[in-house]
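K.L.:
fold the stuff below for me.
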Amino acid sequence: MENKNYPTPHINAKPEDFAKTVLMPGDPLRAKFIAETYLENPVLVNNVRGVQGYTGTYKGVRVSVMASGMGMPSMGIYSYELFNFFGVENIIRVGSAGSLNMDVNVRDVVIGMGACTNSAYVKQFDLPGTFSATADYKLMQTAVDVSKEMGVNWHVGNILSSDTFYSDDMTANDKWSKLGVMAVEMEAAALYMNAARARKRALVICTISDHIYKNEATTAEERQNSFTQMMEIALETAVRME
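P.N.:
Sure thing, here's the model as predicted:
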């Protein structure tokens, strides 16, 4: 009898339903927006728990987009299953982040070279030390090249994946910021760790949705529908990875 790990409790699909590269926003509605705005002939391949996944083509290349949900546990589940059960080779997170740097402004694009974290996610690997969660270099260099060509305001560097959106430690952001961490989000470190373990490729591209120190922010609707530069960078990166 065939030994298969799909469908899973979270993804009701077959490996052939997904492209080699999957874009992963946190928000299912952002996944829907990307599919309907950019993909030719998008097909809904997963909708378990409303976490919408689509596959279509972009510039003739097959590309998938599926939401990850919020936080490292959710990203950990979906990226693990895509990498290990559905044959996906590249995952590019397209999300939002809060700026921790006075030179990184709202609507700027941040490419996460590395992801610090306050999470215990890495403990599952029982390492005799710490682990540096980093992007795949080829994906990152491709995204940088595309960003230059597009003329967007982009930054590359360290980001923070936090388990806490509402932290009881009111000084935490300042501590990360003084070590040069550019922005904070909630998924990158788990994605990078899963990619490393599976020997696959991952990259995080975020648009700055709010600034921690300047008291500036975008609306939920703007985050869902208008962060198009980030989406276009990720799609063009997917095309060039073929």
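K.L.:
from here on, just use CA atoms for contacts and neighbour counts.
P.N.:
OK.
K.L.:
low pLDDT regions in this protein?
P.N.:
1-3, 223-226 (pLDDT under 70).
K.L.:
tell me, what residue is most central in it?
P.N.:
residue 93 (1.6 Å; Cα atoms, centre = their mean).
K.L.:
which element is that residue on?
P.N.:
Using DSSP states H and E, residue 93 sits within strand 90-99.
K.L.:
and residue 44, by the same measure?
P.N.:
Going by DSSP H and E, residue 44 is part of strand 40-46.
K.L.:
list the contacts of that strand.
P.N.:
11-13, 17-18, 35-36, 52-58 (Cα atoms under 8 Å, 6 or more residues apart in numbering).
K.L.:
please pull up the helix or strand immediately following it.
P.N.:
Once strand 40-46 ends, the next helix or strand along the chain (criterion: DSSP H and E) is strand 53-58.
K.L.:
how about the CA coordinates for that following strand, as PDB?
P.N.:
Only the C-alpha atoms of strand 53-58 are listed here, as PDB (Å, rounded to 0.1, in the frame of the first residue of the first chain):
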ATOM      1  CA  GLY A  53      -4.200  28.100  -1.000                       C
ATOM      2  CA  TYR A  54      -4.200  28.700  -4.800                       C
ATOM      3  CA  THR A  55      -2.100  27.600  -7.700                       C
ATOM      4  CA  GLY A  56      -1.800  29.400 -11.000                       C
ATOM      5  CA  THR A  57       0.800  30.800 -13.300                       C
ATOM      6  CA  TYR A  58       2.700  34.100 -13.300                       C
END
